[in-house]
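Chemist: I would like the atomic coordinates for the input below:
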Amino acid sequence: MDPVSLKRLSPNEVKALQFDPLDPKTVEIASTILHDVRQRGEAALLEHATRLGDIKAGEAHILTRDKELKAAFDAIPIHEQQVLERTANRIKLFAEAQKRCLTNLPHFQIEGGSAGHVVTAVERAGCYAPGGRYPLPSSVLMTAITARVAGVKEVWVASPRPAPITLAAAYVSGADALLAVGGAQAIAALTYGAGKVPSCDAVVGPGNKFVTAAKQLVAGRVAIDMLAGPSECLVIADSTANAAIVAADLIAQAEHDPDARPILISVGEDAEKFVASVDAEVNKQLKELPTDNAKTAALAFKDNGMAVCVSDINQAVELSDRFAPEHLELHVANVDDVKNKVKNYGAVFVGTGSAEVFGDYGAGPNHVLPTGGTARSNGGLSVFTFLKVRTFLQIHDMDASRAMMQDAYDLAKLEGLHGHANAAKHRLDLSASKFASTEVDRPLALKTPAIVRLALPKGHMEKNIFKLLDDAGIKLSMTSRGYRPTISIPGFEVKLLKPQNIVEMLNLGSRYIGFTGSDLIAELGA
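Modeler: Numbers count the residues shown, from 1 in each chain. Next comes the predicted model:
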């Protein structure tokens, strides 16, 4: 095998990574399969699966949890079972921690009512795992476990020609069943349903170009995670970095696919010398790999590998953000500072000990990550992929919400949507009996009195309130009726509350003037 080296680029030659558009022929093929499965269901699914070599004629295409998946798990060595279970637990714990970050918003006070949101999972999820060159049980764990933690009730895995370890991973992940079909035909079945395969609400996971094209075509009909492209690993390294470790990590991504992108940004006066050291290590380590792995990685280095030398870390950060790589490794001094500076990446691995491969194989964070520069606007797969945030609004005091109603009416009229305006006017009319006018064509302040709710403390604070209102130009009169004074403010409707009813004032959602003081706090018992 001929020696390989990273192509040298100057900082000015660096272009942002771009998602390669799918070629029209691939999209056409995927579209045809999608349409056929949608129209003819299971019959079309089996025809395409057999034609493309996913299954043999008459072979079972659905493997159930309690039968085939459990049998596969029971059949693998104890050591492999334990590896799957430990990895699954790490992924589960991290996903649970993520889920706790997004909670329900049960009550947000608005004028005359409340609003909020409820976080719930989709009902069904389809998780794709490539068959390809090597079995990828890790992708099954990353997708199916995350869906389960999110709260998805029914989880299907799809993978063509699944190896026993893939079936075992589906069992450990809690999948309900596995569809032993791949490509666009699998995405079609998970999207539209086919026979016993149900229509799913979310379809996730990486795959080949036909899987990617199919996901692009069904996006919107179902939720998808992303459109995955070739794997990327970008390493920022300075004089403190270990060339052998950097080379090993670049090779680890390069062996995925000949289209993979190994990228090195070398920092400092000896930047070029370090790149040469990495090149030497790459060639040395490629000789130690099995032939097929070495050939794949060598092609990736030859066709897509690149190195950029820069003088300082800030320039390295700027270039990295321009690339927006799937995986970003930081092999630099002051690594925590650099971690806080970089912005665009799928996942960042901080320091020499934090190998990207640990992310691939279940340290916790998900390994299904954005590629092709899409990390500038997207994150990786997570529990959030399977969650939906639904809002609610409830008006329970229509008088207190009149200002909002009026604004809604006025905005609808401005947009020329008179049906919208009419719906708002009906609500205004429902609360109009307490006001002097039901006219809604003029600003609310000109036609109806506002409501002022006052909670009056005893002692000198009461005098302070009156003085403040007087200073604001609000003239008022007060006649004492025992301990409950009557206040009259021209143009306003005044409602008196006891100081201990401050909470009621807040819940009513009205606009108000607030006061506080030691005597009020004491009276409230705060």
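
Chemist: in the protein, which helix is the longest?
Modeler: helix 78-100 (DSSP state H).

Chemist: average pLDDT for that one?
Modeler: Averaging pLDDT along helix 78-100 gives 97.

Chemist: how about residue 347, phi and psi?
Modeler: phi -150, psi 140 (degrees, to the nearest 10).

Chemist: count of neighbours near it?
Modeler: Look at residue 347: counted by other CB atoms under 10 Å, it has 20 neighbours. Bear in mind the C-beta positions are built from the backbone N, C-alpha and C, glycine included.

Chemist: low-scoring stretches of this structure, by residue?
Modeler: 19, 21, 132-133, 433-463, 465-466, 469-526 (pLDDT under 70).

Chemist: 80 instead?
Modeler: 1, 16-21, 132-134, 431-526 (pLDDT under 80).

Chemist: in space, what's closest to the spatially most central residue of it - neighbours in sequence excluded?
Modeler: For the chain, residue 384 is the residue whose C-alpha lies nearest the centre (CA atoms, centre = their mean; 4.7 Å). Here the nearest residue to residue 384 in space, its sequence neighbours aside, is residue 102; by CB to CB, 6 or more residues apart in numbering that works out to 6.6 Å.

Chemist: ditto for residue 68
Modeler: In this structure, residue 68 finds its nearest non-sequential neighbour in residue 167, 6.4 Å apart by CB to CB, 6+ apart.

Chemist: okay, buried residues for the host helix or strand of the one you found please.
Modeler: Assessed by DSSP states H and E, residue 167 sits inside helix 164-173. Buried residues in helix 164-173, counted by 16 or more other CB atoms under 10 Å: 165, 166, 167, 168, 169, 170, 171, 172, 173.

Chemist: quick check: of those residues, which lies closest to residue 145?
Modeler: residue 173 (4.9 Å; CB to CB).

Chemist: how much space between the residue lying closest to the closest one once chain neighbours are set aside and residue 186?
Modeler: Leaving aside its chain neighbours, residue 173 sits nearest to residue 144 (3.5 Å; criterion: CB to CB, 6+ apart). According to CB to CB, to the nearest Å, residue 144 stands 15 Å off from residue 186.

Chemist: neighbour count winner among those two?
Modeler: residue 186 (36 against 31).

Chemist: coming back round to it: possible to save the buried residues of helix 164-173 as a markdown table with distance to residue 57?
Modeler: Below are the buried residues of helix 164-173 laid out as a markdown table (distance: CB to CB, whole Å):
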| residue | distance to residue 57 |
| --- | --- |
| 165 | 26 |
| 166 | 22 |
| 167 | 21 |
| 168 | 26 |
| 169 | 27 |
| 170 | 24 |
| 171 | 27 |
| 172 | 31 |
| 173 | 29 |
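
Chemist: give me the contact list for stretch 58-72.
Modeler: 45-46, 49, 54-55, 162, 164-165, 167-168, 170-171, 175-181, 195-197 (CB atoms under 8 Å, 6 or more residues apart in numbering).

Chemist: give me that answer again for 7 Å
Modeler: 46, 49, 55, 164, 167-168, 170-171, 175-181, 196-197 (CB atoms under 7 Å, 6 or more residues apart in numbering).

Chemist: could you give the angle of the longest helix of the chain to helix 164-173?
Modeler: 40 degrees (axes from the mean of the first three to the mean of the last three CA atoms, to 10 degrees).

Chemist: how about the residue nearest to residue 384, secondary structure?
Modeler: Using DSSP: H, G, I helix; E, B strand; the rest coil, the structure places residue 102 in coil.

Chemist: can you show me the strands along the stretch 101-250 of the chain?
Modeler: 105-110, 113-121, 124-128, 154-158, 177-179, 202-204, 223-224, 232-237 (DSSP state E, counting those that start in this stretch).

Chemist: now swap in the stretch 301-450 of the chain and tell me
Modeler: Under DSSP E, counting those that start in this stretch, the stretch 301-450 of the chain gives strands at 306-310, 327-331, 347-350, 387-395, 450-455.

Chemist: which of these sits most buried?
Modeler: strand 327-331 (a mean of 27; mean count of other CB atoms under 10 Å).

Chemist: still on that earlier bit, can I get the strands of the stretch 301-450 of the chain in JSON lines with distance to residue 81?
Modeler: Formatted as JSON lines, these follow (distance: least, CB to CB, whole Å):
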{"stretch": "strand 306-310", "distance to residue 81": "41"}
{"stretch": "strand 327-331", "distance to residue 81": "29"}
{"stretch": "strand 347-350", "distance to residue 81": "27"}
{"stretch": "strand 387-395", "distance to residue 81": "30"}
{"stretch": "strand 450-455", "distance to residue 81": "66"}
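
Chemist: so which of those strands comes closest to residue 226?
Modeler: strand 347-350 (13.2 Å).

Chemist: parallel or antiparallel, which strands does that closest one pair with?
Modeler: strand 327-331 (parallel) (DSSP bridges).

Chemist: I'd like the distance from the partner strand to the chain centre, please.
Modeler: 22 Å (CA atoms, centre = their mean, to the nearest Å).
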